[in-house]
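Trainee: Sequence and predicted structure are below.
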Amino acid sequence: MAATHVRAVRRKGEVQTIVGTFFGYAVLVFFSLIFIYPFVVQVANSFKSEPEAAANPISPIPSEPTLDAYEKIFWATDLPTWLGNSILITVLVTLGRIFFDSLAGYALARLRFRGRGAVFATIIAVMAVPGVVLLIPKFLVLNQFGIYNSYTALIVPLLADAAGVFIMKQFFESIPPSVEEAARIDGAGTFRIFWSVVLPMARPALITLTILSFQGSWNELPHTLVAVQDPDLYTLPRGIADLVTGSLGSGTQYPLKLGAALLATIPVAIIFVIFQRYFIRGANEGVDKG
Amino acid sequence: MADATLTRGRLTGARGAARRRRSVRDGENVAGWLFVAPALLIIGLFVLLPILMALWVSITAWNGQGSPFTSSVEVVGLENYTRLFTEEGLARQDFMTSLRNNVYYVIAVVPLQTVLALGLALVVNARLLKGKTFFRTAFYFPSVTSSVAISVVFLFIFANAGVINQLLGMFGVQGPAWFSDSRGVLHLLLSGLGIADIDNPPAALTESGPFGLSWWEWLSGPSVAMCSIIALVVWTTSGTFMLMFLAALQNVPVSLEEAAMLDGANRWQRFRNVTLPALRPTLFLVLTLGLIGTWQVFDQIYVMSQGNPAKTTLTPAYLSYRTAFRDFEYGSGAAISFVLFLIIVVFTLLQRLLLRERGGRS
């Protein structure tokens, strides 16, 4: 009696599980399509002719694949210039952040100096300042210093960031101090200890920081809007935004715009695939922030 | 006596150690400041100083000519602020319109992205399903791509004869001209239900209203154009929040759920009474991060609509940019920035309060 009951319950459970599994996959596949298909549309249409992209935007396969859009991107737009600027800025900003953020993070985590509490409080306060309200303020300071419309204006203000300092401080605090004490007894100076003992141990945090700054400076639009106006100083996001908001003359030119946007997406996509788990850690960094 | 010597001995010993410690501390003082100096200098020069400068500019009528810090610049006091709230005119009308648009945007985006993120996390986390990594990657990837690039893609998808409208066409629905449609969805809904006619709105609502907008205008809901931006933002941000929910779900003990299952709790009861309470702190975090983030929408507006059509996608962030850099009213633009700053700070403080509470509990 009891046994049949148990069996019945179990069978009911199995049916439920099968239905549940099927339902689960259906939901996952449906949402995967929603999340991936826009990229498929983007890639496919960048290889279509303009009339085809207008007439049949949904089809994932161009009926007559063409490289017209890409030829135009490289010969009729300034994309090569934007690309060069983007690479230069991303590399310098990322290097700067790695060095300056970890220096400051280490000092805040380990060195007992007067005013440390105040410095840390400042960092925390600055983290709460939303980027978009800094547009006019940043323009004012760049204008006042006479560096508006220069590479200096594009790069220097981004060379260190509060969130990066915070991430590095958190990480350095998790390293046991005994390692540094051993080095100190050997007579190593503070910078030596930081540079050749602690920093090599901080690899995971440094990768996370690298990815955050790479992604941040590669995708950055608002800062370039208030730092430069000379088209020779445009970065990829700025150039593409300019392209879209209509300076390139006739027609919608969607294949060209989609192709340019795709070129801006590819580097992030490659880094994302290689360093996925660090991206995920970076995203969850937000949970500990505050 | 012996006690006293002992104490004295201990004291001198302590004093020596203190002296030694002090010299180490002096070294640490110098090193500490040298280490934080570059980062602090950059943050000071390009975040803190600019904020002070902008505070000053927000009480002037500077138009971008010359330096705002000379005596020739007219100081107008709080006028740039009062114009946003108390004086009738275009400045207030635009600002209130932007606030209305952003409020509807927040009301739509925050719940949608939270529910979608939680739902996706629950399904991805289900124990019996395979291919988790693939699905997690697929859902998260849009979050890491450039907002400008993605905006271009969505401009294409929501174009008049674009993907969305062709899909709607398959179901016999004629899609709207998304980016030129300024009709509010709440207006459309009221019209559709026969409560109010969108072409001939009730006079009681159009004749008056607070802060320079009529009640009818306040009750518009997000415009059709704004809806496409809402769709884009929900699509890009859900992945990040899904990761936060996933991290939290992994901390829910499996034994707890199994115990509930043995007690005969069904799926919904298990979710409601076991999973959801465990997710509460993350849920609050996602909601407050959403509230903070949605008030900062800028890139998408800049690329996709620039505040159009009929100012229905104008947001305070974009309005402050436009006022300063297109109309050259830097004082007014800075004032809008500071009001927006205040709004966001309130939500940030709320989030930190909740985090502290969570820290206290765990």
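Mentor: Great, that's in hand. If you're wondering where the values come from, they're calculated on a predicted model, not measured in any experiment.
Trainee: In terms of helices and strands, where is the residue of chain A found nearest chain B?
Mentor: Nearest to chain B in chain A, going by C-beta to the nearest C-beta, is residue A:113, at a distance of 2.7 Å. (Glycine included, C-beta is placed from N, CA and C.) Counting by DSSP states H and E, no helix or strand carries residue A:113.
Trainee: Can you tell me the closest non-neighbouring residue to it?
Mentor: Distances taken as C-beta to C-beta, 6 or more residues apart in numbering or on different chains place residue B:32 nearest to residue A:113, at 2.7 Å, with adjacent residues excluded.
Trainee: In which helix or strand does residue 80 reside?
Mentor: This is for chain A. Here residue A:80 is assigned to helix A:79-110, by DSSP H and E.
Trainee: not what I meant, chain B
Mentor: With DSSP H and E as the test, residue B:80 turns up in helix B:79-85.
Trainee: Which residues does that helix contact?
Mentor: B:58-59, B:89, B:91-92, B:95, B:211, B:331-332, B:334-336, B:338-339 (C-beta atoms under 8 Å, 6 or more residues apart in numbering or on different chains).
Trainee: Pull out the buried members of the residues you listed.
Mentor: B:58-59, B:91-92, B:95, B:211, B:331-332, B:334-336, B:338-339 (16 or more other C-beta atoms under 10 Å in any protein chain shown).
Trainee: hmm, back to that, would you check which pair of the contacts of helix B:79-85 lies furthest apart?
Mentor: The span of these, defined through C-beta to C-beta, is set by B:59 and B:211 at 21.9 Å.
Trainee: Spit out the contact partners of residue A:43.
Mentor: Per C-beta under 8 Å, 6+ apart, neighbours of residue A:43: residue A:262.
Trainee: Please report phi then psi for it.
Mentor: Backbone geometry at residue A:43, expressed as degrees, to the nearest 10, gives phi -60, psi -50.
Trainee: what subset of the contacts of helix B:79-85 is also close to chain A?
Mentor: When C-beta under 8 Å from any C-beta of the partner chain is applied, the members of the contacts of helix B:79-85 adjacent to chain A are B:334, B:338.
Trainee: three-state assignment of the residue nearest the centre of chain A?
Mentor: Geometric centre of chain A, nearest residue: residue A:215, 2.2 Å, by C-alpha atoms, centre = their mean. Following DSSP: H, G, I helix; E, B strand; the rest coil, we place residue A:215 in the helix state.
Trainee: For it, give me its contacts.
Mentor: A:268, A:271, A:279, B:144.
Trainee: hmm, 10 Å instead?
Mentor: Taking C-beta atoms under 10 Å, 6 or more residues apart in numbering or on different chains as the criterion, residue A:215 is in contact with A:90, A:94, A:267, A:268, A:271, A:272, A:279, A:282, B:143, B:144, B:145, B:146.
Trainee: The third one is in what secondary structure piece?
Mentor: Spelled out, it's residue A:267. Residue A:267 belongs to helix A:254-274, assigned by DSSP H and E.
Trainee: Show me which residues of that helix are buried.
Mentor: A:254-265, A:267-268, A:271-272.
Trainee: next one: stretch A:234-250
Mentor: Of all the residues in stretch A:234-250, those buried under the rule 16+ other C-beta under 10 Å are A:234, A:235, A:236, A:237, A:238, A:239, A:240, A:241, A:242, A:243, A:244.
Trainee: related to what we said a few turns ago, biggest separation within the buried residues of helix A:254-274, which pair?
Mentor: Counting by C-beta to C-beta, the most remote pair of the buried residues of helix A:254-274 is A:254 and A:271, 26.7 Å apart.
Trainee: Tell me the secondary structure at residue A:64.
Mentor: Residue A:64 ends up coil, using three-state DSSP.
Trainee: list the contacts for it?
Mentor: A:47, A:48, A:49, A:52.
Trainee: domain ranges for the chain?
Mentor: Unless you meant another one, I'm taking chain A. A:2-66, A:77-288 (automatic domain parsing).
Trainee: nope, chain B please
Mentor: B:1-54, B:89-184+B:221-361.
Trainee: Just name the most buried of these.
Mentor: domain B:89-184+B:221-361 (a mean of 19; mean count of other C-beta atoms under 10 Å in any protein chain shown).
Trainee: re earlier: helix A:79-110 and the helix holding residue A:267, what's the angle between them?
Mentor: 30 degrees (axes from the mean of the first three to the mean of the last three C-alpha atoms, to 10 degrees).
Trainee: Give me the average confidence score over helix A:254-274.
Mentor: Across helix A:254-274, the average pLDDT comes to 91.
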